[in-house]
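Visitor: Got a predicted model here, sequence first, then my questions.
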Amino acid sequence: MIRCTAITKRFGSFAALHGIDLHVRPGEFVALLGPSGSGKTTLLRIIAGLEFQDSGQVLFADEDVSRRNVADRHVGFVFQNYALFRHMNVADNVAFGLSVRKGRGKPSRAAIKERAEELLRLVQLEGLGARYPSQLSGGQRQRVALARALAIEPKLLLLDEPFGALDAKVRKDLRRWLRDLHKAMGLTSIFVTHDQEEALELADRVVVMNEGRIEQIGTPEEIYMNPATSFVSHFVGETNRVAKGSGELHFRPHDTELVSEGGEAVLVDNVFRKGGVWRIEGILQAQQVLVEIDLDAASTPPSLGEVVQIRPRQSRDFNSAGAQLKGEPQ
Amino acid sequence: MSRETTLRATSEGHLSQALLIGGALAFLGFFLALPLIAVFGEALKAGIGTFATAIQTPDALASIRLTLFIAAISVPLNMVFGIAASWAITKFEFSGKALLITLIDLPFSISPVVSGLIFVLLFGANGVLGPWLAAHDVKIIFAVPGIVLATLFITFPFVARELIPLIMEQGKSEEEAALSLGANGWQTFWYVTLPNIRWGLLYGVLLCNARAMGEFGAVSVVSGHIRGETNTMPLHVEILYNEYDFVGAFAVASLLALLALVTLVAKSVLEWRFELNSGASH
């Protein structure tokens, strides 16, 4: 469906993207995940045609669209702060993509009105067509932006931090709803996020980006269970990082157990309930670094100041360049 | 104790507030309202009939026509230039942008007389382009084209200065959204950009108009003061005044002042609507 090959982009002296290769299959829901400045939004804007790459190609279904501008690429784009037209009411916002059509492709006024109402029903905002964007809540604005983008019947939907400006509860509801919509409409969707939980929950595949490069592409399961690089390992999910030789040893808090002897000594610093587990924070005595351990909620947690022995059930080695060293899980 | 302190603090605040407001009002009254009243008083001193006669002399009517003509050319042109300049400055990245912003402010920082002289030096009989213009029988200086040019120069910053901060604040994501929905550049400007800047634009146009009608210095240098031909209203006021025709001078002056007052009222109404508008969108 979409193929990016060797995309590079510079903004002045800042290299935003260094040679990105990405293939998105039809019907996939893909997350571009990374910290700010990782180039994820730039990549999304290049796919949309809002920004142009310095070199490399963007292909839609084997057709080179690299030189086409956004208006000719026919993609749905949902902007970070929604970018609703503030002087138009909700119905006119949704109808915009149809109203600006020219010639034979332009539907009649009645057809446009009907289509806008249909879309508002789809995003569960029936009856709010006469409101202005300033009179809506964040979640409602987000859905108007989505309805507006879907009005032009795109096959590809691109979303830039779609849930960034929403509070936690609304965010969770909208996520599930967006996931269902994506499936029901047979869309191919790419969304940008810095929230790993969001990426792992929503996406079929996650593209982890850092400093203008792709660190790893994989299913949420692969990304979490088998991170390819040290960056992915600590950016996705919680990870303890301790020095090992010239590289690093990573292990997850929930992959760690207490042992009576033969483990690493940890001085318990803090103990608290975290959801369904006990979270222990302590100092690894040998290296004087902070480690976090999750223990079964049914167990009795160690007390403050106690020195306990820990052992990772599963861990991963990374060399000094950040690449994973393959071997038997320890 | 702390309540007493607060109380005293606020009462002192009230006192200084009253003093400041009183001072400002007295100042405004003395320097703005009083002269304005004096202008209208002087104009109507000899009765409404004399006033009407004074503004209906052929020279006065010619100056009114010319002033309106100049404004009718320079205001629309500067509206287009202003939109184009602010659009270019806010939506694109290019080298020389800082220089362009500085250049836009140039007419504000140069004395109007110097602005006028620039055009005389360029287009006058002894100017750079003078001989060529004379050879082709084109009259710019001491003619209407010169006045239009000088007015255009003087009033250029008003629209651009008003729009640049406004467009910057609004960002470009709405335009990008319009483009992504298939709108072309013109549709995007007409349906998205223009409605978003309309109040700011009108405000800039009004200020531009007020200055276009009222400009004296630059226009005085390039006009040549030919009665009935190149005299604008401000220049006509000066001529009448120098000829001790006080009623005539004040009659035309009061007309000019009236134009300014209408502009001010329109501006206030716009400001009020503008605030209402931007208040609702946040």
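Guide: Received it, and whenever you're ready, just let me know what you need. Since this is a predicted model, take the numbers as computed values, not measurements.
Visitor: what are the ranges of the strands in the stretch 1-150 of chain A?
Guide: Taking DSSP state E, counting those that start in this stretch as the criterion, the stretch 1-150 of chain A carries its strands at A:2-11, A:14-24, A:29-33, A:55-60, A:63-64, A:76-78.
Visitor: For the third one, the averaged confidence score.
Guide: Taken as a whole, strand A:29-33 has a mean pLDDT of 96.
Visitor: From the contact counts, what lies against that strand?
Guide: With contacts defined as 3 or more CB pairs under 8 Å, 6 or more residues apart in numbering or on different chains; DSSP states H and E, the secondary structure elements packing on strand A:29-33 are helix A:40-48, strand A:188-193, helix A:196-202, strand A:205-210. C-beta: built from backbone N, CA, C; applies to glycine.
Visitor: please redo it, this time with the cut-off set to 6 Å
Guide: With contacts taken as 3 or more CB pairs under 6 Å, 6 or more residues apart in numbering or on different chains; DSSP states H and E, strand A:29-33 sits against strand A:188-193, strand A:205-210.
Visitor: Out of those strands, which is closest to B:Leu181?
Guide: Within those, the stretch nearest B:Leu181 is strand A:188-193; the backing value is 17.3 Å (CB to CB).
Visitor: What lies in contact with that closest one?
Guide: Strand A:188-193 is contacted by residues A:1, A:26-33, A:40-41, A:44, A:156-162, A:182, A:199 when judged by CB atoms under 6 Å, 6 or more residues apart in numbering or on different chains.
Visitor: 8 Å instead, please
Guide: Applying CB atoms under 8 Å, 6 or more residues apart in numbering or on different chains, the external contacts of strand A:188-193 come out as A:1-2, A:24-33, A:40-41, A:44, A:47, A:155-164, A:182, A:199, A:202-203.
Visitor: Got a PyMOL select line for the buried ones in these?
Guide: Below is the selection syntax for PyMOL that covers the buried ones among the contacts of strand A:188-193, with 16 or more other CB atoms under 10 Å in any protein chain shown defining burial:
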select buried, chain A and resi 2+24+28+29+30+31+32+33+40+41+44+47+155+156+157+158+159+160+161+162+163+164+182+199+202+203
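Visitor: All the helices of the chain, in order from the start?
Guide: As the question left the chain open, I've gone with chain A. Shown for chain A, the helices assigned by DSSP state H span residues A:40-48, A:70-73, A:90-99, A:109-122, A:138-150, A:168-184, A:196-202, A:220-225, A:230-235.
Visitor: wait, chain B
Guide: With DSSP H as the criterion, chain B has helices at B:2-28, B:34-44, B:48-55, B:58-91, B:97-109, B:112-123, B:130-135, B:144-170, B:173-180, B:185-188, B:194-214, B:217-223, B:233-242, B:246-280.
Visitor: now the ones you listed in JSON lines, with mean pLDDT and mean neighbour count?
Guide: Formatted as JSON lines, these follow (pLDDT from 0 to 100; neighbours: other CB atoms under 10 Å in any protein chain shown):
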{"stretch": "helix B:2-28", "mean pLDDT": "74", "mean neighbour count": "10"}
{"stretch": "helix B:34-44", "mean pLDDT": "86", "mean neighbour count": "15"}
{"stretch": "helix B:48-55", "mean pLDDT": "85", "mean neighbour count": "15"}
{"stretch": "helix B:58-91", "mean pLDDT": "91", "mean neighbour count": "18"}
{"stretch": "helix B:97-109", "mean pLDDT": "88", "mean neighbour count": "13"}
{"stretch": "helix B:112-123", "mean pLDDT": "89", "mean neighbour count": "18"}
{"stretch": "helix B:130-135", "mean pLDDT": "83", "mean neighbour count": "13"}
{"stretch": "helix B:144-170", "mean pLDDT": "91", "mean neighbour count": "22"}
{"stretch": "helix B:173-180", "mean pLDDT": "94", "mean neighbour count": "23"}
{"stretch": "helix B:185-188", "mean pLDDT": "92", "mean neighbour count": "15"}
{"stretch": "helix B:194-214", "mean pLDDT": "90", "mean neighbour count": "21"}
{"stretch": "helix B:217-223", "mean pLDDT": "88", "mean neighbour count": "23"}
{"stretch": "helix B:233-242", "mean pLDDT": "90", "mean neighbour count": "20"}
{"stretch": "helix B:246-280", "mean pLDDT": "79", "mean neighbour count": "16"}
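Visitor: Turn those into TSV, including distance to chain A.
Guide: What follows is these, written out as TSV (distance: least, CB to the nearest CB, whole Å):
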stretch	distance to chain A
helix B:2-28	34
helix B:34-44	37
helix B:48-55	42
helix B:58-91	13
helix B:97-109	13
helix B:112-123	37
helix B:130-135	44
helix B:144-170	9
helix B:173-180	4
helix B:185-188	5
helix B:194-214	4
helix B:217-223	37
helix B:233-242	37
helix B:246-280	5
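Visitor: A:Asn69 is nearest to which of those?
Guide: Across these, the minimum distance to A:Asn69, taken as CB to CB, is reached by helix B:173-180, at 7.2 Å.
Visitor: Any residues of the stretch 101-250 of chain A in contact with chain B? List them.
Guide: For the stretch 101-250 of chain A, the residues in contact with chain B under the definition CB under 8 Å from any CB of the partner chain are A:101, A:132-134, A:148-149, A:151-152.
Visitor: quick one: which of those is nearest to chain B?
Guide: A:Ser134 (4.9 Å; CB to the nearest CB).
Visitor: Counting neighbours, what do you get for the closest one?
Guide: Summarising burial for A:Ser134: neighbours were counted as other CB atoms under 10 Å in any protein chain shown, giving 13.
Visitor: I'd like the domain boundaries of chain B, if you could list them.
Guide: What the record gives for chain B is the domain set B:1-44, B:48-280, from automatic domain parsing.
Visitor: Could you chop chain A up by domain?
Guide: Each domain of chain A, as a residue range, per automatic domain parsing: A:2-225, A:240-325.
Visitor: what's the offset of the last one from the middle of its chain?
Guide: In this case it means domain A:240-325. From the chain centre to the centre of domain A:240-325 is a distance of 28 Å (CA atoms, centre = their mean, to the nearest Å).
Visitor: With stretch B:132-149 instead?
Guide: Here stretch B:132-149 is found 24 Å from its chain centre; the criterion is CA atoms, centre = their mean.
Visitor: got a list of contacts for that stretch?
Guide: By CB under 8 Å, 6+ apart, the residues outside stretch B:132-149 that reach it are B:66, B:69-70, B:73-74, B:119-120, B:123-125, B:127, B:219, B:222-224, B:226, B:230, B:232.
Visitor: coming back round to it: most tightly packed of the domains of chain A?
Guide: Ranked by mean neighbour count under mean count of other CB atoms under 10 Å in any protein chain shown, the domains of chain A are led by domain A:2-225, which reaches a mean of 18.
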